[in-house]
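Asks: Okay, structure incoming, though there's no sequence with it:
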């Protein structure tokens, strides 16, 4: 496998993007809903605060990996709903493969080898 973007120095950024894109690959969400679902799915291991989540969403939107659309919610309050683009899905599947390779290699090094 070629050298990937999954390096120790950018692992948190890469993981955060992968978590967001994975949830959006399952369907459209607004920002707060994304944060709650990721936290619930990880039993609280992964948490996003506004200062972390929204800059990532804006970056992904600027790179055309996701698309945001303002809509009124049930309470008539406007919320920005995000959906993953085709480019975003392709990027996510590449990220997923790179993370799987990275984690497999990592576990191979730190894990106990069975004889």
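Replies: Nice, thanks for sending it over. Note that the structure is predicted; figures quoted are calculated from it, not measured.

Asks: Quick check: closest non-adjacent residue to residue 34.
Replies: residue 23 (5.6 Å; CB to CB, 6 or more residues apart in numbering). All C-beta spots, glycine's among them, are computed from the backbone N, C-alpha and C.

Asks: tell me, which helix in the chain spans the most residues?
Replies: Longest helix of the chain, by residue count under DSSP state H: helix 86-110.

Asks: how far away is the residue nearest to residue 34 from residue 74?
Replies: Using CB to CB, to the nearest Å, one gets 21 Å for the distance from residue 23 to residue 74.

Asks: out of these two, which sits in the busier spot?
Replies: The residue with more neighbours, out of residue 23 and residue 74, is residue 23; 18 against 6, by other CB atoms under 10 Å.

Asks: The more buried one and residue 30 touch, don't they?
Replies: No: between residue 23 and residue 30 there is no contact under CB atoms under 8 Å: 11.4 Å.

Asks: which neighbours do those two share?
Replies: Residues touching both residue 23 and residue 30 (CB atoms under 8 Å, 6 or more residues apart in numbering): there are none.

Asks: how about low-confidence regions in the protein?
Replies: In the predicted model, the chain carries pLDDT under 70 at residues 1-5, 113-115.

Asks: circling back: contacting residues around the residue nearest to residue 34?
Replies: 29, 34, 37-38, 41.

Asks: Kindly report the same for residue 29.
Replies: Listed by CB under 8 Å, 6+ apart, the contact set of residue 29 reads 23, 37, 81-82.
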